[in-house]
Structure formats: structure tokens, C-alpha cells
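K.L.:
no sequence on this one, just coordinates:
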């Protein structure tokens, strides 16, 4: 994956978000808020109110990725780690964080970047 300037990132959003809407249909999603003064980006985090398996299947079908179990020799264009489905879109990493049950709470948690992580550690 490549890093992008803020200008490149915003341009990518213009094309990617409509594509994701087509892929997911009625499944709700939200871009994780980021610092507006951020100069460059290494990935795009999106919270999705859906099951990881379903989100993965819809995304693979829409974007035409080669299935992991394919017998063809290729570089994988995506991966799944727990509830996060990651893939490359125009050489940029997109992480779909699937939260079917705790979607609204997750929006609040992810909206404050590292602060939520630190507070969560205090309350463990």
C-alpha cells in the first residue's frame, strides 16, 4: 500500500465512497473521523454495521477480487483479521471494521482516535 497526501486522499474518497455504497447496498457505514490537519494518510478506516463474512463477500463480488481459495497463482488483494476486512483500492489500503452489534458505540470510540484507546486501558 502507498501513503497519500491529503489532496490525493480526498480525491480517492470521491470515487471510492460511491463504489462502496454500490457494493454494500443497504448496509450502513461511516468513515472513521480523522484529524483535519493531517498531512498524509496510510489507510482509510471505515466502520460498517454488518457481519464480516457478508461484508467480505459483497466487497469481493463488487470489486472483482480473486477469492483466497482460488487455485490460481496470484498476490492476495485482501485479508481478514478478526472483524476487519482489508483490501487495496487504487494501491491504497482500506480497512472495513465490521461492527454488526456495537456500531453506534464503535463510532463514538473510534471518533476520538488514541484518546479512546488510552481511556479504555484505564478502565480495564
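P.N.:
That came through, no problem. Here the structure is a predicted model, which is why all the values come from computation and not from measurement. Residues are numbered from 1 along each chain as shown.
K.L.:
packing partners for the longest helix seen in the chain?
P.N.:
Longest helix of the chain, by residue count under DSSP state H: helix 6-24. Counting contacts by 3 or more CB pairs under 8 Å, 6 or more residues apart in numbering; DSSP states H and E, helix 6-24 is packed against strand 29-31, strand 40-41, strand 43-48, helix 52-63, strand 84-89. Bear in mind the C-beta positions are built from the backbone N, C-alpha and C, glycine included.
K.L.:
closest one to residue 99 among these?
P.N.:
Nearest of the helices and strands packed on helix 6-24 to residue 99, taken as CB to CB: strand 43-48 at 5.8 Å.
K.L.:
how far is the longest helix of the chain from where the chain is centred?
P.N.:
Here helix 6-24 is found 11 Å from its chain centre; the criterion is CA atoms, centre = their mean, to the nearest Å.
K.L.:
now swap in stretch 104-116 and tell me
P.N.:
With CA atoms, centre = their mean, you get 15 Å for stretch 104-116.
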